[in-house]
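> Using only what follows, build the 3D model:
(chains A, B, C and D, ligands or ions: 2)
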Amino acid sequence: MGLESYIAERKQHKDLLVMAHVVCGYPSFEANMQELEIMHEAGVDLVELQFPFSEPSADGPLFVHANEQSLKSGTTVDQCFDFMKLVSERFSFKVLMMGYYNTVFKMGEEVFVQRLKEAGGVGYIVPDLPLEESAHLHALSEAADIEPIILMTPTSSDKRLAQLGAISRGMVYVVARKGVTGSKTNMGDDVIGLIERCRQHTSVPMGVGFGISSKADMDFLRGNADMAIVGTAALQTWEDSGAEGLKKFFAELMA
Amino acid sequence: MGLESYIAERKQHKDLLVMAHVVCGYPSFEANMQELEIMHEAGVDLVELQFPFSEPSADGPLFVHANEQSLKSGTTVDQCFDFMKLVSERFSFKVLMMGYYNTVFKMGEEVFVQRLKEAGGVGYIVPDLPLEESAHLHALSEAADIEPIILMTPTSSDKRLAQLGAISRGMVYVVARKGVTGSKTNMGDDVIGLIERCRQHTSVPMGVGFGISSKADMDFLRGNADMAIVGTAALQTWEDSGAEGLKKFFAELMA
Amino acid sequence: MDIFDFSDGREGYYGKYGGVFLPEILHATIEELLVCFRECKADPKFWQDYVTLLQNYSGRPTPVTHLENLSRKLGGAQIYVKRDDLNHTGSHKINNVMGQGLLCQRLGKKRVIAETGAGQHGFATATMAAKFGFDCKIYMGAVDVARQRPNVFWMENLGAEVIAVEDGQRTLKDAVNACMRDWVTNMADTHYILGTACGPHPFPEMVSWFQSIIGMEAREQILKQAGRLPDRVYACVGGGSNAMGIFQGFFDDDNVELVGCEAGGHGVGSYMHSARLAYDDATVGVAQGYKTYFLQDKEGNMAETHSVAAGLDYIGVNPIFSYLHDQGKVRFEAATDIEVKEALKLTMRTEGLIPALESTHAFVTAIKEAPTMSKDEIILINQSGRGDKDIFTIADALDDAKWKTFIGGKADQYRGENS
Amino acid sequence: MDIFDFSDGREGYYGKYGGVFLPEILHATIEELLVCFRECKADPKFWQDYVTLLQNYSGRPTPVTHLENLSRKLGGAQIYVKRDDLNHTGSHKINNVMGQGLLCQRLGKKRVIAETGAGQHGFATATMAAKFGFDCKIYMGAVDVARQRPNVFWMENLGAEVIAVEDGQRTLKDAVNACMRDWVTNMADTHYILGTACGPHPFPEMVSWFQSIIGMEAREQILKQAGRLPDRVYACVGGGSNAMGIFQGFFDDDNVELVGCEAGGHGVGSYMHSARLAYDDATVGVAQGYKTYFLQDKEGNMAETHSVAAGLDYIGVNPIFSYLHDQGKVRFEAATDIEVKEALKLTMRTEGLIPALESTHAFVTAIKEAPTMSKDEIILINQSGRGDKDIFTIADALDDAKWKTFIGGKADQYRGENS
Ligand SMILES: Cc1ncc(COP(=O)(O)O)c(C=O)c1O
Ligand SMILES: Cc1ncc(COP(=O)(O)O)c(C=O)c1O
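Numbers count the residues shown, from 1 in each chain, chains lettered A, B, ... in the order given. Ligands and ions are numbered 1, 2, ... in the order given. Purely as a prediction, here's the structure:
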C-alpha cells in the first residue's frame, strides 16, 4: 500500500495525522526504541528515522547535536537500516528515511532504494536534494514503490510549487517557515496562506512541519492540513524529562 | 700661559705627557675629587672634565653609563663649572671642558667661553662640533685665550687634515682609531702613520687618545706623540678597584 | 576555453562536479543570486566599477615581483611572484568580497554573513561591510575563534559580530553549515558572502570571476616584465579561489602548465592533511551545497583534516578543479607542514617577502621544481596573502622561544592590571 | 619653492635649522654620502630605477581612497586618503629604505644599520636588506624590544640582528645614538639607513626626496579623482618623513594648506607628549647630528617624551619643519592619545580602514576640522601605515578584555608545552 493511500486510510479515523522523528543512534538505538514505543502508543502515524550525517546543514542545534553524538558513538548506515527493519516490522506506523544526500550518494542511488525497500521504509526526505538533481533517484524510487517526499516552502514561487507539485507523490512536506528545524513557528495566516498555495499545486496529502510543539498548533492545523510533523519538540521533551515526559507530551499533543 | 706653551714647558721634564678624564658628578663630585688627587699625584698634566649630556653619542658604554648616572643624580652645568673652578685652583694640572655641543649651545657660546674662563678651564673638546660649525665659537675662544681642541682622525683626508691643522691651537687630539671611546686600540703602524700624517698639517702639540690603557701603549707613543690621553681605562679601574686600584694604574702607566 | 559556458552541459556543472544541493527553501534565493550575477557579468559597467573600487580601495593592480635572489640560489627557472599579499586586508580574499559587496548592493540587501576559517575572509568581509554600510555577521568555528583571536579582534572592531560555532569539528566546514542555517532563515535581506570558489552554483563561477582579476593582471604584467608567458604557474589551493583567479589568466595558453598546491599536512598516508586532489584519499561526494572531491569516510561523513595553514584546511575543493584534474588541465601537488616552514624561512631571508602560510604551499612546490628547469624558463607564483598577520601561527610553527617568553610576559602584565 | 636649493644659504640648512653636527671621524663618510646622493639626485635613471623597484616590489603607486561614509557622517569637507599603508611591510618607511638601499649599492657598501622605535622602520630595513643581500643590524631601545616583539620577530626572521639598546631611556633616541656609535666604527663598509627626515645633512633632504614619491603620486591622483587640488593636506609628524613626503607634492600650490599632526600624548601642559611644534614646550637645540626644535630641559638634556604611537614618540623634529613652522608654511596641531583611540574606532567602523596609530593622528585633526569646512572643500589625509601589525598596542590602547584572555590562554599553553 502506498503512502498516499495509507494516509487516506488513517484519515478515516482522525482528522489530523502525526509524523514524528528520531535521530538513529541518538542517544542510543535502545532509547530510540523506547521513544518509538511511546510514539506508537500515542498513535503516531508516520516516523522519520534520521540517518546521522556529519554536515546536517538544514538542521537546528538540537538535531545537529544529535547527529554529531550519534556518529561519535559509531552509528553506521548498516545499523540504521537494520534498525529501520526492526522498527517497520514491529510497529504499525510507517517509516521514512530522513537524511542528507551524501549518505544516499555514497552508497549509490540504486543500493539506497533497494536497501530502504528491504528495511521496510516507504519513502525518504532528503532536504538537500533539490528537484533538479532528483530525477534519477525518483525514477528508481517509483519503480520500487518508494515515495520521495517533496518539500514545499514559504519562499517557493507559484511556478516552483507547480514544478514541485508535478513530481510529488505520497505526500508533500510543507515547511511552515523559513529557517532550520527547532524554533517555534507562529501559526497564523501566513501558514494558512502557504498551505492554500501548496494545495493548488498538488493533490497528495500534506504534512506541515517546522516548529510544531503544542496542542494549539495541532488545533490550528486541523482541517487545514493532513498531517502535523513533530520533530524537535519531542526530542527536547525526551532530553528534558525522559520517557515519562515524552508520554505526557504526546498525550497532550494528540488529545 | 697658553696650552701650547704649558705643554712645551712640561715636556722639558718628561717625554710624554698624560691627559686624564673624569665625568663630572659620576659617581659623585667627591669621588671625582679623589680621582683627581690620584691623577695629580701621579703627575697627570691635563684633565678633561666631561659635562654630562643625555645623548653622549660619541662615547662608549662606560662613559654613556657615567653620563646617564650623573644626570640622574642631578648634576647641573652650574655644578660642573663650580667644580672646574675648584679643581683648576687646587691642582697644578690644566683643565679642559669636554662635552657635547648642545650644552654649549643652550647657554650660548659667549656665556660658555666666559664661564669656562672664569672656572679656570684652558680649552674644550666638543666632539660633535665640526669645523664648519665652529667659526664663531673659535673666534670667541681666541679672544678669551681659550683653546678649542681639534680632533684629527684616521678617516680624515689630507685635505681635511690641512683644514683642521690650519685652525688648530693649543694642541690637537689625534683619535687613534675609529669607533667610540672605550675599546682597546692596537698600537701599531697605523697609529704611527696617522700621527705622521697629522704632523704634516699642524705644529701644535699632539695628544693621542682612544683605547690607551697600559705602559706598553705609553712606550709606543713616546717619541711619536706629545701626550697620551687616558679615559676609559682609568674609569674602569676606579670602578673595578677604587682609589687603590687607580693609584696603582697610574703608577704603572706612568712608570 | 570557457568552462563557464554551460550551453553544452548542465548549468553550474563542470563535468560531473558542481551543481546546487540546497534545501528547497533557498531555491528562490539562489535563483535570484544567479539572475543578478548573470546581469552583472553581462554588464561591462559592473566590471568597470569593480575594478575601480579595487584600484581605489585595495591597491590593485598588485605588482609582479621578480625574485632574483631566490632564482639565482636555486639555479633554475626565473621565479616571479604575483603580489596579492599587498591587497588591503592582506590577501586576495578582498577581491571576491568587494565584488560580492557590489552585487549585494544591486540585490538591495542590507546584511551579509560569511564563514571564515583562518579569519582572512572574515576580516575582508567585515572590512567590506564597514565600507558598504552592511550589517555583518561572521561565523567562525569555536576552535578557530580561540586560535585566531587577532583576526576576531579586527573583525569586531570593524563592526562585525563574530559567532563562535560550537558544532562539529568547530572549524571552517562547520562555519559554512552555520552560514547556511542563517541564510535559510534570513535570505530576504541577507546575502551570503561565500569565501572561496566552492559551494552551490553560482558561487564557484562567481568567486572565480571576481578572482580572475588576478590572472588578467598577472598575464599582462609577466609579458611586460619577462617578455613572455610563464612556463608554469603555481598557486595554493584551499577552496581554490586564488588558484582559479590566477589560472584563468592562462587557460588559453596551452604551453603554460598550471600547478595547484594543496596542504599535505603530515604527509601521504597520515590522514592529517587537506590534499583532496594531490593525494588519493578523497572521493566524490555531495556536501555544503555542491558535488566535488571531499575528504570523507566511505559512508560520506566528512573526515578530520589538517594543515599548518588554516586557510587550506578544508574538506572539499572547488568543483572546477575536480573537473580540470580529471582533464589533466591542472596538475596538483601537496606541500607538507614541514616543507612549508622551511620554504617560508627561505623566502623571508632571500627576498624579504613573508607569504601567508597558505601561499607558502605554492612556494614549496615552485622551489622544488625550479632547480629542475632551465634558466630561461619562467615560473609565476601567486602570493595570495601576507604572513605578518598570522604571527601567532607562524611563531608557533617556527616554535620561537622569544615569542613565547614575550607572550608570557604580556599575560603577566594583563593579570597584574586586573588584580 | 625649492627648499633644497642651498645656493643662497648654507648647504644643509633650512633657515637656522639643520646642519651637520657629527664627530670628525664621520666627516669623510657623510661627505661621501652627500656626493653620492647628489649624483643620484642628478641622475634621472636613479629615480627611474627607484620608482620601478617600488612599483614591482612594494606595490606603488598606492591609491587614493575617497571616504564617502566618513565625509557624509561629518557633513563637511570631502575626505580623501593617500594609502601608504598598502605598501609592502605596511608603511611609508619602505620608500625611504628602498631608496637608501639603491644608494647603498652605489656606495658599494655591504652592511646596513638602522635605528627603530615602533619597529616599522626596522622591519622595512630588514626587508630591504634581505632583498639587497646586505648584512643588517637593527638597534632598538630595550623598552621597545620588549613591547614591540612582533616586529622584532619579523626582523630576526628576515635575517637581521636586532640589538636591544640598554642606554638612556632605552627608546628611539637611544637607538639613534647606538647607530651613531656603530657607524663611527664601521663606516667603511656600512651605510646608516636613517628612518626619518632628521639627523645630519643630507639625511633630511635625502629622506624627503625618497618620500616625495607620495606627494607626487597623490597630487596627480587627487586631481584625477576629485577634479581639483585639496584645500588641506594632513599628515602625522614623528620625525617628519611621511609628512614631508606628501607635503612636497603641494609646496607650490599656494591654496593648499599643509597641516602637520604631532603626538599630543596626555595633552598640553602634561609634559607627556611629543609635540615639538604644536605645543610650546620644545626649544632649539643640537643633538643627534642636527639642529632643530627638541623637547629638552634648559641645559639641553633631552626630556622624556610620550605617545600612544611609538613612531611619533621622538624628541626632535625634521629641521625643514622647524623652518616651515617659522615661515607659517605648515600649520602644526597635536592629537592626544584619547582622541587617537576614538578616531581609530570611527575610521575602522565607517570605512574599513585600520590606520596605524601614528597615521591616526592625522585623522584626528582632519576629523575635527572637516565639519567646519564646506561640502565642496577637499581634505587629503596621508595614511602612512596600517594598524593591523600593531595589534598589541591597539588592543592595549582599546583595553580589549577578550584579547587579554586570549593572551593569558596562549601563555598557559606555552608554559604547558615547556613543562
Ligand atoms: C592567504 C590565503 N591564501 C589562500 C587561501 C585559500 O583559499 P583559496 O583556495 O580559496 O584561495 C586562504 C584562505 O583563507 C588565504 O587566507
Ligand atoms: C606608520 C608610521 N607613520 C608615521 C611615522 C612617523 O615617522 P615620520 O614622521 O618620519 O613619517 C612612523 C614611524 O615609525 C610610522 O611607523
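> Give the buried residues for stretch C:14-27.
Of the residues in stretch C:14-27, C:14, C:17-27 count as buried by neighbour count, 16 or more other C-beta atoms under 10 Å in any protein chain shown. Every residue, glycine included, has its C-beta placed from N, CA and C.
> The stretch 101-250 of chain A: strands as residue ranges?
Ranges of strands in the stretch 101-250 of chain A, per DSSP state E, counting those that start in this stretch, are A:123-125, A:147-148, A:150-152, A:172-175, A:206-209, A:227-229.
> just those strands: most buried one?
For these, ranked by mean neighbour count under the definition mean count of other C-beta atoms under 10 Å in any protein chain shown, the leader is strand A:172-175 at a mean of 28.
> In chain C, which helix is the longest?
helix C:203-226 (DSSP state H).
> quick one: is the helix or strand just after it near ligand 1?
Toward the C-terminal end, the helix or strand that comes next after helix C:203-226 (DSSP states H and E) is strand C:232-236. Yes - with C-beta under 6 Å from any ligand atom as the threshold, strand C:232-236 lies in contact with ligand 1, specifically through C:Cys236.
> Now do the SS call for C:Val286.
strand (DSSP: H, G, I helix; E, B strand; the rest coil).
> The one 5 residues further on too?
Here C:Lys291 is strand, with the state taken from three-state DSSP.
> Which among the strands of the stretch 101-250 of chain A is found nearest to D:Asp399?
Closest to D:Asp399 of the strands of the stretch 101-250 of chain A is strand A:172-175 (C-beta to C-beta; 46.4 Å).
> quick revisit: using CSV, write out the CA atom coordinates for the longest helix of chain C.
Output in CSV follows, covering the C-alpha atoms of helix C:203-226 (Å, rounded to 0.1, in the frame of the first residue of the first chain):
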residue,chain,number,x,y,z
PHE,C,203,29.4,30.6,-6.2
PRO,C,204,32.2,28.7,-7.8
GLU,C,205,31.7,30.6,-11.0
MET,C,206,31.1,33.9,-9.3
VAL,C,207,34.1,33.8,-7.0
SER,C,208,36.2,32.6,-9.8
TRP,C,209,35.0,35.5,-11.9
PHE,C,210,35.9,38.1,-9.3
GLN,C,211,39.3,36.5,-8.7
SER,C,212,40.1,36.4,-12.4
ILE,C,213,41.3,39.9,-12.0
ILE,C,214,44.5,38.3,-10.6
GLY,C,215,45.2,36.3,-13.7
MET,C,216,44.2,39.1,-16.1
GLU,C,217,46.7,41.4,-14.4
ALA,C,218,49.4,38.8,-14.0
ARG,C,219,49.4,37.7,-17.6
GLU,C,220,49.8,41.3,-18.8
GLN,C,221,52.5,42.0,-16.2
ILE,C,222,54.6,39.0,-16.8
LEU,C,223,54.5,39.6,-20.6
LYS,C,224,55.7,43.1,-19.9
GLN,C,225,58.3,42.2,-17.3
ALA,C,226,59.7,38.9,-18.5
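> what sits against residue 205?
Defaulting to chain A. A:4, A:7-8, A:11, A:170-172, A:226-227 (C-beta atoms under 8 Å, 6 or more residues apart in numbering or on different chains).
> should've been chain C
By C-beta under 8 Å, 6+ apart, the contact list for C:Glu205 reads C:4, C:12, C:37.
> Reformat the strands of the stretch 101-250 of chain A as JSON lines; add distance to chain D.
Written out in JSON lines, the entries for the strands of the stretch 101-250 of chain A read as follows (distance: least, C-beta to the nearest C-beta, whole Å):
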{"stretch": "strand A:123-125", "distance to chain D": "41"}
{"stretch": "strand A:147-148", "distance to chain D": "46"}
{"stretch": "strand A:150-152", "distance to chain D": "39"}
{"stretch": "strand A:172-175", "distance to chain D": "37"}
{"stretch": "strand A:206-209", "distance to chain D": "39"}
{"stretch": "strand A:227-229", "distance to chain D": "41"}
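> Tell me who's in contact with A:Pro27.
The contact partners of A:Pro27, taken as C-beta under 8 Å, 6+ apart, are A:66, A:69.
> what about it, which helix or strand?
A:Pro27 belongs to no helix or strand, assigned by DSSP H and E.
> likewise C:Ile3?
Mapping C:Ile3 onto the secondary structure by DSSP H and E places it in no helix or strand at all.
> Against ligand 1, how distant is it?
Here C:Ile3 is placed at a distance of 17 Å from ligand 1 (C-beta to the nearest ligand atom, to the nearest Å).
> right, and that residue touches C:Pro319 too?
No - if you go by C-beta atoms under 8 Å, C:Ile3 and C:Pro319 don't touch, sitting 10.3 Å apart.
> Which one, of the strands of the stretch 101-250 of chain A, ends up nearest to D:Thr365?
Closest among the strands of the stretch 101-250 of chain A, using C-beta to C-beta: strand A:172-175, at 56.1 Å.
> Point out where the chain drops to low pLDDT.
Since no chain was named, I'll use chain A. Across chain A, the stretches falling below the confidence threshold (pLDDT under 70) are A:1.
> hmm, I had chain C in mind actually
Scanning chain C residue by residue, the ranges that satisfy pLDDT under 70 are C:419.
> Show me the residue at the heart of chain A, geometrically.
Relative to the mean C-alpha position of chain A, the nearest C-alpha, by C-alpha atoms, centre = their mean, is the one of A:Glu48, at 4.2 Å.
> pretty sure that residue is in a helix, no?
No - with three-state DSSP as the criterion, A:Glu48 is strand rather than part of a helix.
> Could you measure from it over to A:Val95?
Here the criterion is C-beta to C-beta, to the nearest Å. By it, A:Glu48 lies 8 Å from A:Val95.
> Check C:Asn177 too.
The span separating C:Asn177 from A:Val95 equals 27 Å under the rule C-beta to C-beta.
> repeat for C:Cys261
Relative to A:Val95, C:Cys261 is positioned 48 Å away (C-beta to C-beta).
> Looking at these two, which has the bigger crowd around it?
In this comparison of C:Cys261 against A:Val95, neighbours counted by other C-beta atoms under 10 Å in any protein chain shown, the higher total goes to C:Cys261 at 30 against 23.
> Now look at the helix or strand harbouring that one and say if it contacts ligand 1.
Counting by DSSP H and E, the secondary-structure element that holds C:Cys261 is strand C:257-265. No - on the criterion C-beta under 6 Å from any ligand atom, strand C:257-265 is out of touch with ligand 1, staying 8.8 Å away.
> Okay, angle between that strand and strand C:232-236 too, please.
When axes from the mean of the first three to the mean of the last three C-alpha atoms, to 10 degrees is applied, the directions of strand C:257-265 and strand C:232-236 differ by 30 degrees.
> Enumerate every residue touching the residue in chain A positioned nearest to ligand 2.
Using C-beta to the nearest ligand atom, the single residue of chain A nearest to ligand 2 is A:Ser57, 43.5 Å away. The contact partners of A:Ser57, taken as C-beta under 8 Å, 6+ apart, are A:100, A:128, C:176-177, C:180-181, C:288-289.
> from those residues, which single one is nearest C:Thr127?
Comparing every one of those with C:Thr127 (C-beta to C-beta), the shortest separation belongs to C:Val176, at 20.3 Å.
> my guess is that closest one meets C:Gly199, correct?
Yes - under the contact definition of C-beta under 8 Å, C:Val176 touches C:Gly199, with a separation of 7.5 Å.
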